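Asks: Output the structure for:
(one chain, ligands or ions: 1)
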Amino acid sequence: MFSSYLYQGGAMSKQSDNRMDGPDIVVIGAGIIGITAAIELLSRGARVTVMDRTGVAAGASQGNAGAFAFSDASPLASPGIIRKAPKWLFDPLGPLSIPLPYAVRIAPWMYRFWRASRADQVARGTEALTALMRVSRDHLENFMERTGTRHMLHHHGNLQLYEDKAAFKAVLPLWQRRAEHGVDYTALESVDAIKEAQAGIHPRFSRAILTPAWLGISDPKDYTMALGRYFEGAGGRIEISGVKALEVAGDRVSLLRDDGMRREADHIVVAAGAWSHYLARTLGDHIPLETERGYNTTLPIGAFDLKRQLSFEEHGFIVSPLTTGIRVGGAVELGGLKLPPNYSRADAMLRKAKMFLPKLKIANGRQWMGFRPSLPDSVPVIGPATQSSRVTYAFGHGHLGLTQSAGTAKLVAQHVMGETPEVDLFPYRAQRF
Ligand SMILES: Cc1cc2nc3c(=O)[nH]c(=O)nc-3n(C[C@H](O)[C@H](O)[C@H](O)COP(=O)(O)OP(=O)(O)OC[C@H]3O[C@@H](n4cnc5c(N)ncnc54)[C@H](O)[C@@H]3O)c2cc1C
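Replies: Predicted coordinates:
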């Protein structure tokens, strides 16, 4: 079964194109990261099973804002955020909140986040994210072409809006730095210029950054589901099973399902989003993965004549044009995986959106909360477990998992199958914590 693959320092090198001979790989998690990685592995001749406790697109990949934000290659932890955070925290429904019952639990992560905001760390993080963004952007359209999902990609651009001229001025050097990495943007400095880019925005917003190359997906759930169907059609297997532990015995790896059954595999990929650290811990890797909970409301189609995605940066939310409706949301709630959702956050963002887009029809919206899988330095973990090179981690994409999915999938597949990854995986290693 596995004889046609040689292990070289943990990586596999392909000897045959016969899929029946390919290695038996289990990917845990059927979110956008797991499914895209599974497709890339399948296309290299592996036999791939995706296991998910609930099903395809059950987690954060279901309800996100649908943006391929390739220009967003800076870690969240930055001196600017550290300065703004205390002010935000005083507003219980503001862009950032920490529910009291979780304040002590999140403290170590916050400390790491603060440390990650040092200039040298930010520079390292930006480099790692820029490389991942580049490989993701370079492969996205080809990946979509291959999987028959190209029609779901929209080139609508993004408008980042500012009412405070000082805040706008403060962000310009960042955009200039991004331009040096090839990001195309235009600074709009009048209400009329903004109106031309998108009508119906309250004139209190007189400054904006237009990024025309910003891409969006028609609907993130539809996209992930379509990829799931493609994967099954191409010979992959999706199994509804929870996994509670990973085990290494000599040269073998196995997983223990929630129902107590053990399953061996040639290789296991952990792509379980905000739950991944539980599995990593069973192999002795303690990774400071937390969740930044986000909220949104999806309004019916026609709620607003929206030409492009709008980002209200100072208010921490986004308005996205999806084929399934207008999605208003964002915010960060550092509240862990177990506290019940507080939908007054979604209400607060919707009220603000109505103020900023007076013609927005806010009736009949559908509310949602999702768990962003977040690491303190915003750099996802992509690479082998410490105890076994037969286990590969792929999680912690935070605010940008959809954006970084095509690149992550490519790097995971190259690493697992013994090819040289297009980008050196060192900056993404689990052992950096
Ligand atoms: C409000 C909001 C807006 C966002 N907007 C954007 C955006 O515009 N652009 C962007 O790029 N990103 C965005 N994101 C981030 C993006 O959604 C995530 O980074 C991405 O979906 C993470 O994908 P994932 O596959 O790692 O995790 P998930 O989609 O959460 O998938 C993980 C899967 O693993 C399964 N699982 C977990 N534990 C186990 C287990 N033990 N056994 C079996 N299965 C298990 C779960 O059931 C789940 O299906 C947003 C997130 C939120 C919350």
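Asks: what does the stretch 1-150 of the chain have sitting close to the ligand?
Replies: Applying C-beta under 6 Å from any ligand atom, we find that the stretch 1-150 of the chain lies next to the ligand at 28-34, 51-54, 58-61, 64-67, 69. To be clear about C-beta, it is placed using only N, CA and C from the backbone, and glycine gets the same treatment.
Asks: Now with 5 Å, please.
Replies: When proximity is defined by C-beta under 5 Å from any ligand atom, the stretch 1-150 of the chain lies next to the ligand at 29, 31-33, 52-54, 58-61, 64-65, 67.
Asks: Max pairwise distance over the residues you listed: which two?
Replies: Greatest spacing in these, by C-beta to C-beta: Arg53 and Ala67 (26.6 Å).
Asks: Neighbour count for those two, which is higher?
Replies: Each of Arg53 and Ala67 has its neighbours counted (other C-beta atoms under 10 Å); Ala67 has more, 22 against 18.
Asks: Can you verify my assumption that that one contacts Val319?
Replies: No. Here Ala67 lies out of contact with Val319, judged by C-beta atoms under 8 Å, at a distance of 10.9 Å.
Asks: which residues do the two both contact?
Replies: Residues touching both Ala67 and Val319 (C-beta atoms under 8 Å, 6 or more residues apart in numbering) are Gln309.
Asks: What segments of the stretch 301-433 of the chain are helices?
Replies: Under the criterion DSSP state H, counting those that start in this stretch, helices of the stretch 301-433 of the chain are mapped to 344-356, 405-416.
Asks: For the shortest one, which outside residues touch it?
Replies: Judged by C-beta under 8 Å, 6+ apart, the contacts made with helix 405-416 from elsewhere in the structure are 11-12, 25, 32-33, 36-37, 39-41, 43-44, 46, 132-140, 143, 267, 269, 271, 380, 382-384, 392, 394, 397, 419-423, 425, 428.
Asks: Just the buried subset of those, written out for PyMOL, thanks.
Replies: Buried residues within those, by 16 or more other C-beta atoms under 10 Å, are selected in PyMOL with:
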select buried, resi 11+12+25+32+33+36+37+39+40+41+43+44+46+132+133+134+135+136+137+139+140+143+267+269+271+380+382+383+384+392+394+397+419+421+423+425+428
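Asks: Strands - which of the contacts of helix 405-416 land there?
Replies: Counting by DSSP state E, the part of those found in strands is Ala11, Met12, Ile25, His267, Val269, Ile382, Gly383, Pro384, Thr392, Ala394.
Asks: Would you mind measuring from Val412 to the ligand?
Replies: Val412 sits 12 Å away from the ligand, going by C-beta to the nearest ligand atom, to the nearest Å.
Asks: ditto for Thr147
Replies: Noted for Thr147: a distance of 16 Å to the ligand, by C-beta to the nearest ligand atom.
Asks: OK, contacts around that residue?
Replies: So Thr147 contacts Ile39, Ala226, Leu227, Tyr230 (C-beta under 8 Å, 6+ apart).
Asks: which bits of the stretch 201-350 of the chain sit near the ligand?
Replies: Within the stretch 201-350 of the chain, the positions adjacent to the ligand are Gly242, Val243, Ala272, Gly273, Trp275, Gly294 by C-beta under 5 Å from any ligand atom.
Asks: Test my guess that the fourth one contacts Gly59.
Replies: The one in question is Gly273. Yes. Using C-beta under 8 Å, Gly273 is in contact with Gly59, at 4.7 Å.
Asks: can you list residues touching both of those two?
Replies: Listed contacts common to Gly273 and Gly59 are Gly29, Gly31, Phe371; contacts here mean C-beta under 8 Å, 6+ apart.
Asks: what's the burial count for the second one?
Replies: The burial metric for Gly31, expressed as a neighbour count using other C-beta under 10 Å, is 28.
Asks: ok now do the closest residue to it other than its chain neighbours, which residues does it touch?
Replies: Excluding its sequence neighbours, the residue lying closest to Gly31 (C-beta to C-beta, 6 or more residues apart in numbering) is Ser61, at 4.0 Å. The contact partners of Ser61, taken as C-beta under 8 Å, 6+ apart, are Gly31, Ile32, Ile33, Pro220, Lys221, Thr224, Gly273, Gly401, Leu402.
Asks: Pull out the CA atoms of the helix or strand harbouring Ser61 and give them to me as CSV.
Replies: In the assignment (DSSP states H and E), Ser61 maps to helix 60-63. Extracted in CSV, the C-alpha atoms of helix 60-63 (Å, rounded to 0.1, in the frame of the first residue of the first chain):
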residue,chain,number,x,y,z
ALA,A,60,-15.3,29.7,10.8
SER,A,61,-15.2,29.0,7.1
GLN,A,62,-19.0,29.0,6.9
GLY,A,63,-19.8,32.6,7.7
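Asks: as a whole number, average confidence for that helix?
Replies: Taken as a whole, helix 60-63 has a mean pLDDT of 98.
Asks: Please apply the same query to stretch 143-152.
Replies: On average, stretch 143-152 scores 98.
Asks: List the buried residues for that stretch?
Replies: Quick answer for stretch 143-152 (16+ other C-beta under 10 Å): Phe143, Met144, Thr147, Thr149, Met152.
Asks: among those, which are in helices?
Replies: Per DSSP state H, helices hold the following members of those: Phe143, Met144, Thr147.
Asks: partners of Thr211 in the sheet?
Replies: Applying DSSP bridges to Thr211 yields these beta-bridge partners: Asn158.
Asks: let me redo that: Val332
Replies: Bridge pairing for Val332 - DSSP bridges - gives Leu96.
Asks: was I right about it contacting Gly94?
Replies: No. Between Val332 and Gly94 there is no contact under C-beta under 8 Å: 9.7 Å.
Asks: So the two - more neighbours on which side?
Replies: Remark: of Val332 and Gly94, Val332 carries more neighbours, 24 against 17, as counted by other C-beta under 10 Å.
Asks: returning to that earlier point: nearest to the ligand, out of the ones in strands among the contacts of helix 405-416: which one, please.
Replies: Ala394 (7.5 Å; C-beta to the nearest ligand atom).
Asks: ok, the closest one - contacts?
Replies: Neighbour list for Ala394: Ile33, Gly34, Ala37, Val269, Val270, Ala271, Pro380, Val381, Ile382, Thr408, Val412 [criterion: C-beta under 8 Å, 6+ apart].
Asks: now it, nearest residue through space, not along the chain?
Replies: Closest to Ala394 by C-beta to C-beta, 6+ apart is Ala271, at 4.5 Å.
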